[in-house]
Structure formats: structure tokens, C-alpha cells
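K.L.:
Prediction below, plus the sequence it came from.
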Amino acid sequence: MTSKEDLKLNIRGVNRMRTKIDFGLTVNDYSLFRAGYPDELYKRLKRFDVGIEGQSILDLGTGTGYLARKFAEQGAQVTGVDISDELINAAKKLDIEKGLKINYLNARAEELPFNPSTFDIVTAGQCWHWFQGEKVMNEIRRVLKKNGKLVIVHLDWLPFKDNIVMKTEELILSYNPNWTGAGGTGVYPDWLTQVANGGFKDIETFTFDLDITYSQEAWRGRIRASAGVGASLDKEKVDAFDNDLKILLELNYRESIDIPHRVFCLVCSYPQ
């Protein structure tokens, strides 16, 4: 989910400074280079009865619809909300290519324009950290049907000692020292307490690691589409950063690069 206002953020379990983030500025790179979630995620979610044919699913912070689109392919009735018109328009184009129909609305997760007890499932992929926790949980409880489920998903790159992710993060910090997204572990234990305090039950999590192969061009595009670069720096800095990353990659890495990632998923239900 993109933000066009100053927000107090809480990402990777630490307090964030107030900053302006707008993923609409990165819409082309966002559409082309952000990796979708692996099939293994959807297989595991089916064990929780999530993503079943005929379910009504609301995808918060849907972005370009990566999570929403797969659920629609599985036969669910999906609605996606985001506050970026640019990302929503890109999602619609991608849906047309897949022959899918998803209902998109420009709306804040904290102020959902839906009647009570509307959805079987609410999902939040790659966006929970942008939300105002108490307000968004109030809205999720309101729009969920009885015993409906909340699913929070993250797919994060992993910075290990001297790997390309760590070197890329160091380069981001040299251009954007206020960026505080470096050094993540890809797990979010604080969210278990948060949803428990919000009245959710049957809380379970799972994680698994995988490598995602990028070309050098694709990795540069993925990084340009990140909060620390394209969504927060001006064009001149983005271009300069991208050139430095290009040089780093060409001097030290092969054309294809395996980037370690971790999937984190939290599933819980609201008994009402």
C-alpha cells in the first residue's frame, strides 16, 4: 500500500521516522519487477481454508494485485483496496492480461467502505506495517463474517553477510540515510501480540525460505520500486543510485543472481 501523507511507521518491529512514501511514483518498476508470491504460499494457505473457490476475499493495500490475482485465479471473489490510483490502474491492466475480474476501490484500510460482515477473508500482503494498527483491526473485525480470517503475508529479501542484498542495502543508505528498512530478518513476532490484543484467535504462523532469481536489470528494477529508493527519493537521486547499483552488479556478479527471500505468514480468526 502506498502512502501520500506523513505517517508514523512501524516496520520490522522498530519505530520509524515520519517520511513521505509514494509507491505510485514507482508504478512501472513496481508492475514489472516486484516478485509475486510463490505457489507454495497458496498451497499452505489452502490448508487453512484460505483461497477457496467462492470465498469473498478483501485484499488490503493490494498494490498491483499480486495477492488478489492469485486468489481470483483459484475461484475466489476478490476485492482489492489501495490509496494509489496509479497502482490500481496497473492492477487492472494486469488482470485484463490474465482474463480476471477483480473489484478495486481507492480506500484507506482504516476507513473501509463496506457493510458489516461482508467478507470471509481479509488479507494484507506486504503492507501491514503501513497501517494504523488499532484502527485497521477495528475495520477488519467489522467487515469480517463470523469466524472470518485475517491473513498477513510478507515476502522479504534477506541481507546476509557480504551478499548482494546487504551491499544493496548499504548503497540505499548512502543515498537515503533516513531509510530504516535495512537489516530485516523477514519475521514479525510483534504482530502476533498485536492481533491477539485485537481479539483475534487461533493465531498461527509459518515461514519458509526460497531463492528468487533476478537478472541484473530486474534486481535494479526491484530496488528502484522499493520504499527506500523510487518511492521516496527524487528522480535525480534515483537515477544516480541506479547507475551506482548497475556498476556494482556488473563488476561483481553474473547476469543471473539468486536472491534469498523469506515468506512470513500469519493466519488468525475473529470469533465475534
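P.N.:
Perfect, I can see it now. Not measured: the values here are computed from a predicted model.
K.L.:
Output the contacting helices and strands for the longest helix along the chain.
P.N.:
In the chain, taking DSSP state H as the definition, the longest helix is helix 235-252. Secondary-structure packing of helix 235-252 (3 or more CB pairs under 8 Å, 6 or more residues apart in numbering; DSSP states H and E): helix 164-175, helix 216-224. The way it works is simple: take the backbone N, C-alpha and C, and place the C-beta from them, glycine included.
K.L.:
Please identify the deepest-packed of the ones you listed.
P.N.:
Highest mean neighbour count of these: helix 216-224, a mean of 21 (counted as mean count of other CB atoms under 10 Å).
K.L.:
I would like the residues contacting that helix, please.
P.N.:
Residues lying outside helix 216-224 but in contact with it, judged by CB atoms under 8 Å, 6 or more residues apart in numbering, are 26, 29, 32-35, 164, 168, 172, 214, 229-230, 238, 241-242, 245-246, 249-250, 253, 255, 257, 259.
K.L.:
residue ranges for the strands of the stretch 1-150 of the chain, please.
P.N.:
With DSSP state E, counting those that start in this stretch as the criterion, the stretch 1-150 of the chain has strands at 7-11, 14-19, 56-60, 77-82, 103-106, 119-125, 144-157.
K.L.:
okay if I get those strands as JSON lines plus distance to Y188, mean pLDDT and mean neighbour count?
P.N.:
Output for those, formatted as JSON lines (distance: least, CB to CB, whole Å; pLDDT from 0 to 100; neighbours: other CB atoms under 10 Å):
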{"stretch": "strand 7-11", "distance to Y188": "9", "mean pLDDT": "35", "mean neighbour count": "16"}
{"stretch": "strand 14-19", "distance to Y188": "11", "mean pLDDT": "39", "mean neighbour count": "12"}
{"stretch": "strand 56-60", "distance to Y188": "16", "mean pLDDT": "98", "mean neighbour count": "26"}
{"stretch": "strand 77-82", "distance to Y188": "21", "mean pLDDT": "98", "mean neighbour count": "25"}
{"stretch": "strand 103-106", "distance to Y188": "26", "mean pLDDT": "97", "mean neighbour count": "15"}
{"stretch": "strand 119-125", "distance to Y188": "11", "mean pLDDT": "98", "mean neighbour count": "25"}
{"stretch": "strand 144-157", "distance to Y188": "7", "mean pLDDT": "97", "mean neighbour count": "20"}
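K.L.:
Tabulate the ones you listed in a markdown table, adding columns for distance to I203.
P.N.:
Shown next, in a markdown table, are these (distance: least, CB to CB, whole Å):
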| stretch | distance to I203 |
| --- | --- |
| strand 7-11 | 19 |
| strand 14-19 | 22 |
| strand 56-60 | 18 |
| strand 77-82 | 24 |
| strand 103-106 | 28 |
| strand 119-125 | 15 |
| strand 144-157 | 9 |
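K.L.:
Out of the ones you listed, which is closest to K43?
P.N.:
strand 144-157 (13.5 Å; CB to CB).
K.L.:
which strands and helices sit next to that closest one?
P.N.:
strand 119-125, helix 190-197, strand 256-270.
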